[in-house]
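J.: predicted model follows, preceded by the sequence.
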Amino acid sequence: MAPLSPTVARWELMLRIRRRRTEFDVNASVIAKELGFTLSYWSKVEKERILAEDKLKKLMSLLEFDPAEREEMLRLREIAKQRGWWSSYAGLLSSDVARLFGLEYGAQRIQTYESVLIPGLLQTADYARALFTNDLARVRRVEIDRWVEVRMRRQQRLVGEDPVRLTAVISEAALTQATGGTDVLKRQLRHLASMVEGHPDTVDIRVIPFNAPGGALLGGATFHLINFESPLLPDVAWSETLVHYQLIEDVEPVHHLGAMFDSTVADHALPPADSLSLIVSKADAL
């Protein structure tokens, strides 16, 4: 079971409300009037606020939730009020990035694709520092230590009780590019191997070799697919480029990315054992 995430709890709570009001054809104006809100304030509630307990109870009565679901929604509200670890970095992270980390924390499974870099969830501190040091257009020098700290904090979901299941697809180029220098890369590759060997049931790293005929199918893309335990929550995706990133919640593009990821794993990436062997051989050669 994934740990309780305030971000995921708030999302599920509002999703339940949105689905019920759609089912009953209750528009936002009716809800705002019933709760004593302006329409603009209700819009903020739907996007980012947490309803007071009395307002939530009144809304659940209006939308005729049954007793069992009301109890669950009150539980979700209590979780949503808490502060996730990412809240400590509010001045550093944009709202979208903070939401990504909150969704990651409450995820059951993450699938990630990187074309030329080691994925953030698998980076060593030295490797991450090298990347941030060379990304001064987006990262201020005085913030580098905190960004590295954030990256290491994200990775705690890979270890301990009930770890997230991670499948990472990377290009052989990521195993070759000496980001941070030869020593940094060597330690990074050793870390990848240790993660696979130490967590065989939850960490799966697949390498697309240089000789894969369709290895360039996804080009220079970077994206993550995030899956949740609750059947009410749809999969979401995170797409990132040098100048743009976005959380994708629309079903069709998320499904499309999922199909492309599955195809890449099945048709172009090496099997787990062969991927591990290539990682180890690259590290030994440095």
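T.: All right, it came through fine.
J.: tell me which stretches of this structure form strands.
T.: Assignment of strands within the chain using DSSP state E yields the ranges 109-114, 165-171, 203-208, 222-227, 236-240, 245-248.
J.: tell me which of the ones you listed lies nearest to P272.
T.: Evaluated over those, closeness to P272 peaks at strand 203-208, with 6.0 Å, by Cβ to Cβ. From N, CA and C alone the C-beta is placed, and that goes for glycine too.
J.: ok now the closest one, how far from the chain's centre?
T.: 17 Å (Cα atoms, centre = their mean, to the nearest Å).
J.: so what strands line up beside it?
T.: Within its sheet, strand 203-208 is paired with strand 165-171 (parallel), according to DSSP bridges.
J.: the partner strand: which residues count as buried?
T.: Buried residues in strand 165-171, counted by 16 or more other Cβ atoms under 10 Å: 165-171.
J.: can you check stretch 269-278 too?
T.: Those would be 269-270, 272, 275-276, 278, for stretch 269-278 by 16+ other Cβ under 10 Å.
J.: now the two most distant members of the residues you listed.
T.: The widest separation within those (Cβ to Cβ) is 12.3 Å, between A269 and L276.
J.: picking up where we left off before, possible to save the buried residues of strand 165-171 as a markdown table with distance to R83?
T.: Putting the buried residues of strand 165-171 into a markdown table (distance: Cβ to Cβ, whole Å) gives the following:
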| residue | distance to R83 |
| --- | --- |
| R165 | 26 |
| L166 | 25 |
| T167 | 30 |
| A168 | 29 |
| V169 | 33 |
| I170 | 33 |
| S171 | 37 |
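J.: how about these in TSV, adding pLDDT and distance to W42?
T.: Shown next, in TSV, are these (pLDDT from 0 to 100; distance: Cβ to Cβ, whole Å):
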residue	pLDDT	distance to W42
R165	97	37
L166	98	38
T167	98	39
A168	97	40
V169	96	41
I170	95	44
S171	93	46
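J.: what is the nearest of those to K186?
T.: Nearest member of those to K186, counting by Cβ to Cβ, is I170, at 16.3 Å.
J.: contacting residues around stretch 278-286?
T.: 172, 175-176, 182, 185-186, 189-190, 192-193, 196, 205, 207, 209, 270 (Cβ atoms under 8 Å, 6 or more residues apart in numbering).
J.: show the buried residues in the residues you listed.
T.: Applying 16+ other Cβ under 10 Å to these flags 172, 175, 185-186, 189-190, 192-193, 196, 205, 207, 270 as buried.
J.: could you work out the most separated pair of these?
T.: Farthest pair in the buried ones among the contacts of stretch 278-286, by Cβ to Cβ: K186 and L270, 20.4 Å.
J.: so, low pLDDT: which residues of this protein?
T.: Counting by pLDDT under 70, the chain has low-confidence residues at 214-220.
J.: which residue ranges of it form helices?
T.: Taking DSSP state H, the helices of the chain run over residues 6-23, 28-35, 39-47, 53-62, 67-80, 95-105, 125-133, 144-154, 172-176, 182-198, 251-267, 272-285.
J.: export the ones you listed to JSON lines and tack on distance to W86?
T.: Shown next, in JSON lines, are the helices of the chain (distance: least, Cβ to Cβ, whole Å):
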{"stretch": "helix 6-23", "distance to W86": "8"}
{"stretch": "helix 28-35", "distance to W86": "29"}
{"stretch": "helix 39-47", "distance to W86": "18"}
{"stretch": "helix 53-62", "distance to W86": "24"}
{"stretch": "helix 67-80", "distance to W86": "14"}
{"stretch": "helix 95-105", "distance to W86": "4"}
{"stretch": "helix 125-133", "distance to W86": "16"}
{"stretch": "helix 144-154", "distance to W86": "8"}
{"stretch": "helix 172-176", "distance to W86": "26"}
{"stretch": "helix 182-198", "distance to W86": "22"}
{"stretch": "helix 251-267", "distance to W86": "22"}
{"stretch": "helix 272-285", "distance to W86": "30"}
